[in-house]
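Q: Would you be able to build a 3D model of this:
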Amino acid sequence: MPAEAPRARFFYGWVVVGAVFGALFVAFGAAYSFAAFFNALRDEFGATRSDISLVFALSGFLYFGLGAVTGLLADRLGPRRVIAAGIVCIAAGMAAASLAQAVWQVYLTYSLGVGVGVGLVYVPAVGVVQRWFIRRRGMASGFAVAGIGAGTLVMPLLAAASIDALGWRPSWVILAAVALVIGIPAVLTIVPNPADRGLYPDGDRQPPPALGPAGGPAVRQAIRSAPFWLLFGAGLSTSLGIFIPFAHLTPYARDQGYSDAFGALLIGFIGIGSIAGRLLLGSSADRLGRRRSLAGTFVAMGLCLAWWLTAVQAWALILFALAFGAAYGGFVALIPALAADYFAGRSFGAILGLIYTSAAVGALAGPTLAGALYDARESYDLPIMLGIALNGVAVLCTLILRDPAPVPRPAAAPAAR
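A: Numbers count the residues shown, from 1 in each chain. Now for the predicted structure:
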């Protein structure tokens, strides 16, 4: 049997994975640390849960909704410039939010700055990883987006401790400084393509076999295809429920008699679970099949939300956070990897960004609707049950979706004579 083509001893693609990990740590750590600020902002401004959840919802809408634009910008200007601009926007938004005197000013500072900033970081950063890997794409994507889980673990806990010690205003300034200290060095380490270093994907010594038309499908061709709309539909359906815990788990914990610090800790447990989900599911999906593995994450998220309906005791809430985080983490790792299986090429950044606009609707509608329903009914049961049902729709989309073409093995190295 012919031997597989030899690889370099050290592959720079893993450095790129580490750099993307750092950029996503900053971006989503800033976004999901908002849970630690929820009750402080509500008490400061005398606002309703719907008003405060809109801060998070607007930022989520922006960073997913801008994916199509930022993916196109990264394709044309290069991802490093776009990601660097995003890190600066995130830091500026949090620093400016520390000066807010009314909720609408938090919308204009935190929501706008963090929303635009994460939008500039997310799709370009994730898209870079897909260019460096083919066979190991699920594993590499899982390691890279584990930065989201790590940020979700560390930043809310840092924010909660800082708020207890210093108040919410200085805490946003501290998080802004952390974003710059970690984010800028990470961006400087990113190399957009393996060809920029004279390398091929996965560290192979020879180029991979052609997988379709040169350069991959164009944007117009992609959006006319069934895989695009099925991935879009799955992302839209599941995202309506995904973002409810990130905005409302902390106030839910307070309703059960727990402290805000415990609520922030629950968000941290989601981060711990998501790290495991991204690493384990991202790697195993390369062997088990990415489409089937993605369907499994939707089933798991639905079951976790069903558990949340009755979770009152501390151990039950912790278990929910860990399990939900694992399922959510697998989803985040697999969506870009599976999309690349269908649409890899020069336009992939723009195509991936368009798929992510599905999550923009969920990020805006899910937390805001949950807050409005709570204000009207004083219960989260109805939005949680809606999230369960919509994960069923996401499962159906992935079951209808056909598997992508298998990835060929690289050509065998010439036999030594």
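Q: just for this protein, where's the confidence low?
A: Judged by pLDDT under 70, the chain has its weakly predicted residues at 1-9, 208-217, 282-283, 286, 345-346, 405-417.
Q: mind checking how far the spatially most central residue of it is from Gly60?
A: Nearest to the geometric centre of the chain sits Val332, at 5.4 Å (CA atoms, centre = their mean). Note on Val332: its distance to Gly60, by CB to CB, to the nearest Å, is 13 Å. C-beta: built from backbone N, CA, C; applies to glycine.
Q: Same check on Ser293?
A: 24 Å.
Q: between the two, which one's more packed in?
A: Gly60 (33 against 23; other CB atoms under 10 Å).
Q: is it true that that one touches Ala360?
A: Yes - in this structure, Gly60 is within contact of Ala360 by CB atoms under 8 Å, at 7.2 Å.
Q: got any residues that touch both of these two?
A: Common neighbours of Gly60 and Ala360 are not found (criterion: CB atoms under 8 Å, 6 or more residues apart in numbering).
Q: how many neighbours does Ala226 have?
A: For Ala226, using other CB under 10 Å, the count is 11.
Q: For it, give its distance to Pro404.
A: Distance from Ala226 to Pro404, by CB to CB: 12 Å.
Q: Report the distance from the host helix or strand of Ala389 to the chain centre.
A: Here Ala389 sits within helix 381-400, counting by DSSP states H and E. Computed by CA atoms, centre = their mean, to the nearest Å, the separation of helix 381-400 from the middle of its chain amounts to 19 Å.
Q: for that helix, packing partners?
A: Helix 381-400 sits against helix 226-255, helix 290-308, helix 348-377, with contacts defined as 3 or more CB pairs under 8 Å, 6 or more residues apart in numbering; DSSP states H and E.
Q: Show me what the shortest one is in contact with.
A: Meaning helix 290-308. Identification of contacts with helix 290-308 by CB under 8 Å, 6+ apart yields 138, 234, 238, 241-242, 245, 277, 281, 284-285, 316, 319-320, 323-324, 326-328, 330-331, 334-335, 337-338, 341, 384, 387-388, 391-392, 394-395, 398-399, 401, 403-404.
Q: hmm, 6 Å instead?
A: 138, 238, 241, 281, 285, 320, 323-324, 327, 330-331, 334, 337-338, 384, 387-388, 391, 394-395, 398, 401, 403 (CB atoms under 6 Å, 6 or more residues apart in numbering).
Q: hang on, the earlier thing: okay if I get the helices and strands packed on helix 381-400 as TSV plus distance to Ala125?
A: Putting these into TSV (distance: least, CB to CB, whole Å) gives the following:
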stretch	distance to Ala125
helix 226-255	18
helix 290-308	20
helix 348-377	10
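Q: Skip the chain neighbours and tell me the closest residue to Ser162.
A: Excluding its sequence neighbours, the residue lying closest to Ser162 (CB to CB, 6 or more residues apart in numbering) is Ser171, at 3.9 Å.
Q: Same question for Leu338.
A: Arg290 (4.4 Å).
Q: One more: Ala261?
A: Leaving out its chain neighbours, the residue that sits closest to Ala261 by CB to CB, 6+ apart is Ala160, at 5.1 Å.
Q: element containing that neighbour?
A: helix 137-166.
Q: Tell me the helix or strand right after that helix.
A: Remark: after helix 137-166, the chain's next helix or strand is helix 168-189, criterion DSSP H and E.
Q: Can I get that following helix in CSV? Just the C-alpha atoms.
A: The C-alpha trace of helix 168-189 is given here as CSV (Å, rounded to 0.1, in the frame of the first residue of the first chain):
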residue,chain,number,x,y,z
TRP,A,168,-19.2,47.7,37.1
ARG,A,169,-17.6,50.8,35.6
PRO,A,170,-14.0,50.1,36.4
SER,A,171,-14.6,46.4,35.5
TRP,A,172,-15.3,47.3,31.9
VAL,A,173,-12.1,49.3,31.7
ILE,A,174,-10.2,46.3,33.0
LEU,A,175,-11.7,44.0,30.5
ALA,A,176,-10.9,46.4,27.7
ALA,A,177,-7.2,46.4,28.7
VAL,A,178,-7.3,42.6,28.8
ALA,A,179,-8.7,42.5,25.3
LEU,A,180,-5.8,44.6,23.9
VAL,A,181,-3.1,42.8,25.8
ILE,A,182,-4.2,39.4,24.6
GLY,A,183,-5.8,40.2,21.3
ILE,A,184,-3.2,42.3,19.5
PRO,A,185,-0.3,39.8,19.9
ALA,A,186,-2.6,37.0,18.7
VAL,A,187,-3.5,38.9,15.6
LEU,A,188,0.2,39.5,14.7
THR,A,189,0.8,35.7,14.8
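Q: Show me which parts of the helix or strand hosting Tyr342 are buried, residue by residue.
A: Under the criterion of DSSP H and E, Tyr342 resides in helix 314-343. Across helix 314-343, burial judged by 16 or more other CB atoms under 10 Å covers 317-343.
Q: Ok, stretch 223-243 next?
A: Buried residues in stretch 223-243 (16+ other CB under 10 Å): 223, 227-243.
Q: before we move on, back to that, in contact with the residue nearest to Ser162, which residues are there?
A: Neighbouring residues of Ser171 by CB under 6 Å, 6+ apart: Ala159, Ser162, Ile163.
Q: of those residues, closest to Ala27?
A: Nearest to Ala27 among the contacts of Ser171 is Ala159, at 14.9 Å by CB to CB.
Q: That closest one is in contact with Phe38, isn't it?
A: No - in this structure Ala159 lies outside contact range of Phe38 using CB atoms under 6 Å: 10.6 Å.
Q: ok, those two, which is more surrounded?
A: A count of neighbours by other CB under 10 Å puts Ala159 above the other of Ala159 and Phe38, at 28 against 23.
Q: Run through the residues that contact the more buried one.
A: Ala159 touches Ser33, Ala36, Ser171, counting by CB under 6 Å, 6+ apart.
Q: ok, now Pro367?
A: Ser53, Phe56, Ala57, Phe243, Ile244, Ala247.
Q: Can you tell me the closest non-neighbouring residue to it?
A: Ala247 (3.7 Å).
Q: ok, now how distant is that neighbour from Arg220?
A: Distance, Ala247 to Arg220, by CB to CB: 36 Å.
Q: Then Ala226?
A: Per CB to CB, Ala226 is found 15 Å from Arg220.
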